[in-house]
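1. Sequence first, then the predicted structure, then my questions.
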Amino acid sequence: MQRDEDSEPNSTPEVVPPVAQAVPWRVEAVEALSPGRLRVAFVDGTRGEVDMREFLKSARLDDTVFRALRDPALFVQVQVLRGAVHWPNGADLAPDAMYDAIREGGRWLLSHSE
């Protein structure tokens, strides 16, 4: 097969316009403020805090993945994974519920009943 001198090498075409986030509740940044508290930022610019201190004290967490988050060394390893708040042990938080609470009052207070 002969090579066509006018052909361009294979390349990935750019998407125009750039792909926009379809949902505003995707998390783009997270920071541990203290054990049990986070600061989060969403793709639409919404920012706020998550307070998990009471949630993490609950005995209902004893047999769950969240129990390990009582360890401050693990809690500070929080990161964003696929638009959600995530820890290396597999614990994660629902970004849509977090977004709704933060949009309403600037803060998401998790309780042991959630």
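-> Received it, and whenever you're ready, just let me know what you need. These figures come from a predicted structure and were not determined experimentally.
2. After the longest helix seen in the chain, which helix or strand is next?
-> The longest helix of the chain (DSSP state H) is helix 95-105. Going down the chain from helix 95-105, the next helix or strand is strand 107-109, by DSSP states H and E.
3. Return the list of strands paired to that next one, each annotated with direction.
-> Paired neighbours of strand 107-109 in the sheet (DSSP bridges): strand 47-51 (parallel).
4. Which elements pack onto the longest helix of the chain?
-> strand 37-42, strand 47-51, strand 84-86, strand 107-109 (3 or more Cβ pairs under 8 Å, 6 or more residues apart in numbering; DSSP states H and E). The way it works is simple: take the backbone N, C-alpha and C, and place the C-beta from them, glycine included.
5. Dump those into JSON lines; add mean pLDDT and mean neighbour count as well.
-> What follows is those, written out as JSON lines (pLDDT from 0 to 100; neighbours: other Cβ atoms under 10 Å):
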{"stretch": "strand 37-42", "mean pLDDT": "98", "mean neighbour count": "18"}
{"stretch": "strand 47-51", "mean pLDDT": "98", "mean neighbour count": "17"}
{"stretch": "strand 84-86", "mean pLDDT": "96", "mean neighbour count": "18"}
{"stretch": "strand 107-109", "mean pLDDT": "96", "mean neighbour count": "16"}
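6. Nearest to D100, out of the ones you listed?
-> Ranking the helices and strands packed on helix 95-105 by proximity to D100 (Cβ to Cβ) places strand 107-109 first, at 8.4 Å.
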